[in-house]
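Q: Quick one, structure for this:
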Amino acid sequence: MIPDTIHATAVALDGEAVLLLGPSGAGKSDLALRLIDRGWRLVADDRVVLTVVGGRLVASVPPVLAGQMEVRGLGIVMEETAAAPVALALDLAVPPDRLPEPASGAWHGIAIPLFAFDAFAESAPLKAERALRAALATLNNRPVADHIPPEATRAAPPMLIISGMSGAGKATALKALEDLDYEAVDNLPLGLVDTLLASAEGGEGPPRPVAFGIDTRTRAFDAQALVDRLRVLRGEGVDIRLVYIDCSDDELARRFSETRRRHPLALDRPFADGVALERELTAPLKRWADLVMDTTGLSVTDLRRRIADRLGRGDQSQLTVTIQSFGFAHGLPRNADLVFDMRFLANPHWEPELRPLTGEDPTVAAYVAGDPAYEPAVARIADLLATLIPGYGREGKAYLTIAIGCTGGRHRSVAVSRELQRRLAETGHPALLVHRDVGKQGNDAAILTAAPTSRDGGAT
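A: Next up is the predicted model:
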C-alpha cells in the first residue's frame, strides 16, 4: 500500500496519536506545542505520512522533516519525533458545535473519530486529552473508565492553582473564588498539595472545589517542580488547572507605590529588579498555565467579575439575596443595602382579631393585600429588584440584604416580604427570608402613645 502524505500535524500521548487538521494559521503547531508542554510527544509537524500497519492507521514524519517543528515567531525548533498509531482526528478549521454528533474521517479505508475543534481555546489541551480518552474507549470497545488509571477513581474535587506576579491580584482572585464556593488556601507549600487533596476528598457530601495560591513567597518555591507535580496529578486523573495572574511592570509599580509596600523580592534592591527576578522565577508557570489573566487596567470589581465568568461554577449563584422584615420602632437593620417602608398600608394591628397574629398568617396577608395601594407598590418594588439584582451580581457583590419595614415588624413588613420572596423566585432570583422583629409582640403597647385617629395609623 502506498503511504499518504497529508497536510497536518500529529502528536501522541502514551503511544496514541491525534491528527490536527486544518489550513495554515488554524493553530496546528500552536496546539501541538501546548500539548507537548503537557507531556505529549511530536509525531510530525506540517506533513504527516499515513500508512497501515497491523490493521491500524499509523502516523509518522517524512524523513526530511524528522526532528523539526515550525513555531510561528521563532522559526524551526528541534523536537524529537516518533511514529504512533492514530486514534483521533481534530479538524481545527471548523467551528465546534456545543453537542456534536459522532463523525469520522477515513484514510486508507480506516475510519478515525473526527471532531471539529477550537485550537485556541484556553481549555483546548484538556479537551484534546478527554477526546483522545473517549476515542480510545470506542476503539477498544471498552467503557471510558477502563482507560483511567486506578488512582483516578477517587472522588477528587476540581482544583485550581493561582499563581503569578506579586501585586497582580492573586489575593483578590482567591477571595472571588471563595465567594464562588471554592475552598481557598493561600501560600500553600508544594509538599502539602497531596494533603489538601486528600482532605478535600474525605469530607461528607459532594467534594468542594479547591483553589490554592502558590507564588515566590512560598517556602522552597520551585516553578519547574510545581509543573512536574501537576503533570503527575493530571496523569492520575486529577482535575487540576493552573491560572497565572499577570500585570504590566508600570501598573505593578503604581500599585506598590500606592500601598507603600515593598516587593517581596526587592527588600534590599530596586523595585524593578524584584519584578524582573519574579518574572524569571515564574516563567515556567506562565508558559504552562491553562489560563493567563492580565489585570492591567482592571479594577477589583472587574477582576472578580472576570474570575466569575471564567472559573465560576454553573450551579452556584455568586450573589446571596436576603429579604428581611423589621420594625422601625426597633431600629434600622445595620446590614441593609435597600430599605422599603410599608407604613403607608392599612395596619392589621387595629383589628382585634388580627392583632395577635403575624404577617405569615393568610388572614393577615389578605388584609394587607386588600389595601388599594398594595398591588401597584409591591409590583413596582418587585420589578425594581429584578432589575437591580443582576447588576449587583455583575459588580461582584456577594450579599444583598433588602429590608422591608413597618412600625413594629410583625404584620405589614412580614406579609410584604413573603410576597416579594415569591415574586423574585418567579423571575429567577431566589432569596432567603428573615423576620427580625416578628416575635416582639410585648413591645406593641410601648410603641403606642395614643389611640389611632384612623384605621391606618398606629403601630406594627
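Q: Tell me how the protein divides into domains.
A: Residue ranges for each domain of the chain read 4-147, 153-311, 320-447, as given by automatic domain parsing.
Q: helix, strand or coil for Gly73?
A: Under the three-state scheme (DSSP: H, G, I helix; E, B strand; the rest coil), the conformation of Gly73 reads as coil.
Q: ditto for the one 4 residues further on
A: For Val77, the reduced secondary structure class is strand; criterion used: three-state DSSP.
Q: Now do the strands in the stretch 251-400 of the chain.
A: When assigned using DSSP state E, counting those that start in this stretch, the strands of the stretch 251-400 of the chain occupy the ranges 291-294, 320-327, 338-341, 399-406.
Q: From the chain's centroid, how far away is the third one?
A: Relative to the mean C-alpha coordinate of its chain, strand 338-341 is positioned 33 Å out (Cα atoms, centre = their mean, to the nearest Å).
Q: Check what contacts that strand and list those residues.
A: 328, 332-333, 381, 385, 388, 400-406, 416 (Cβ atoms under 8 Å, 6 or more residues apart in numbering). Where C-beta positions appear, they are placed from N, C-alpha and C, glycine not excepted.
Q: just to revisit the earlier point, as JSON lines, the domains of the chain with mean neighbour count and mean pLDDT would be great.
A: Listed next are the domains of the chain as JSON lines, based on neighbours: other Cβ atoms under 10 Å; pLDDT from 0 to 100:
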{"stretch": "domain 4-147", "mean neighbour count": "17", "mean pLDDT": "82"}
{"stretch": "domain 153-311", "mean neighbour count": "17", "mean pLDDT": "79"}
{"stretch": "domain 320-447", "mean neighbour count": "18", "mean pLDDT": "89"}
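Q: In contact with Ala87, which residues are there?
A: Contacts for Ala87 (Cβ under 8 Å, 6+ apart) come out as 16-18, 112-113, 132, 135-136, 139.
Q: which residues does the spatially closest residue to Tyr392 that is not a sequence neighbour bridge with?
A: The spatial neighbour of Tyr392 that comes closest, neighbours along the chain excluded (Cβ to Cβ, 6 or more residues apart in numbering), is Leu400 at 5.3 Å. On the basis of DSSP bridges, Leu400 takes part in beta bridges with Val321.
Q: List the strands paired with the lengthiest strand in the chain, with their directions.
A: Ranked by number of residues, the top strand in the chain under DSSP state E is strand 4-13. Note on strand 4-13: by DSSP bridges, its sheet partners are strand 16-21 (antiparallel), strand 41-44 (antiparallel), strand 47-53 (antiparallel).
Q: In TSV: these, plus distance to Ala225.
A: Written out in TSV, the entries for those read as follows (distance: least, Cβ to Cβ, whole Å):
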stretch	distance to Ala225
strand 16-21	28
strand 41-44	22
strand 47-53	35
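Q: Among those, single out whichever gets nearest to Leu319.
A: In terms of Cβ to Cβ, the element of the strands paired with strand 4-13 nearest to Leu319 is strand 16-21, at 41.2 Å.
Q: that older thread, as a markdown table, the strands of the stretch 251-400 of the chain with distance to Leu303 would be great.
A: Below are the strands of the stretch 251-400 of the chain laid out as a markdown table (distance: least, Cβ to Cβ, whole Å):
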| stretch | distance to Leu303 |
| --- | --- |
| strand 291-294 | 8 |
| strand 320-327 | 20 |
| strand 338-341 | 26 |
| strand 399-406 | 19 |
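Q: of these, which approaches Gly169 most closely?
A: Shortest separation from Gly169 across those is recorded for strand 291-294, at 7.9 Å, computed as Cβ to Cβ.
Q: From the contact counts, what lies against the closest one?
A: Counting by 3 or more Cβ pairs under 8 Å, 6 or more residues apart in numbering; DSSP states H and E, the packing neighbours recorded for strand 291-294 are strand 240-246, helix 300-311.
Q: Contacts for that strand, please.
A: Contacts of strand 291-294 with the rest of the structure, by Cβ under 8 Å, 6+ apart, involve 122, 164, 169, 173, 241-248, 286, 303, 306-307, 310-311.
Q: hmm, try it at 10 Å
A: Residues lying outside strand 291-294 but in contact with it, judged by Cβ atoms under 10 Å, 6 or more residues apart in numbering, are 122-123, 160, 162, 164-165, 168-169, 173, 241-248, 251, 285-286, 303, 306-307, 310-311.
Q: between the helix ranked longest in the chain and helix 300-311, how big is the angle?
A: When the chain is scanned for its longest helix (criterion: DSSP state H), the result is helix 374-394. Relative orientation of helix 374-394 and helix 300-311, computed by axes from the mean of the first three to the mean of the last three Cα atoms, to 10 degrees: 80 degrees.
Q: Strand 320-327 and helix 374-394, what's the angle between them?
A: Here the directions of helix 374-394 and strand 320-327 differ by 140 degrees (the same axes, to 10 degrees).
Q: Next, the angle strand 399-406 makes with helix 374-394.
A: Using the same axes, to 10 degrees, the inter-axis angle of helix 374-394 relative to strand 399-406 is 160 degrees.
Q: Show me what helix 374-394 is packed up against.
A: Helices and strands touching helix 374-394, by 3 or more Cβ pairs under 10 Å, 6 or more residues apart in numbering; DSSP states H and E, are helix 300-311, strand 320-327, strand 338-341, helix 362-369, strand 399-406, helix 412-426.
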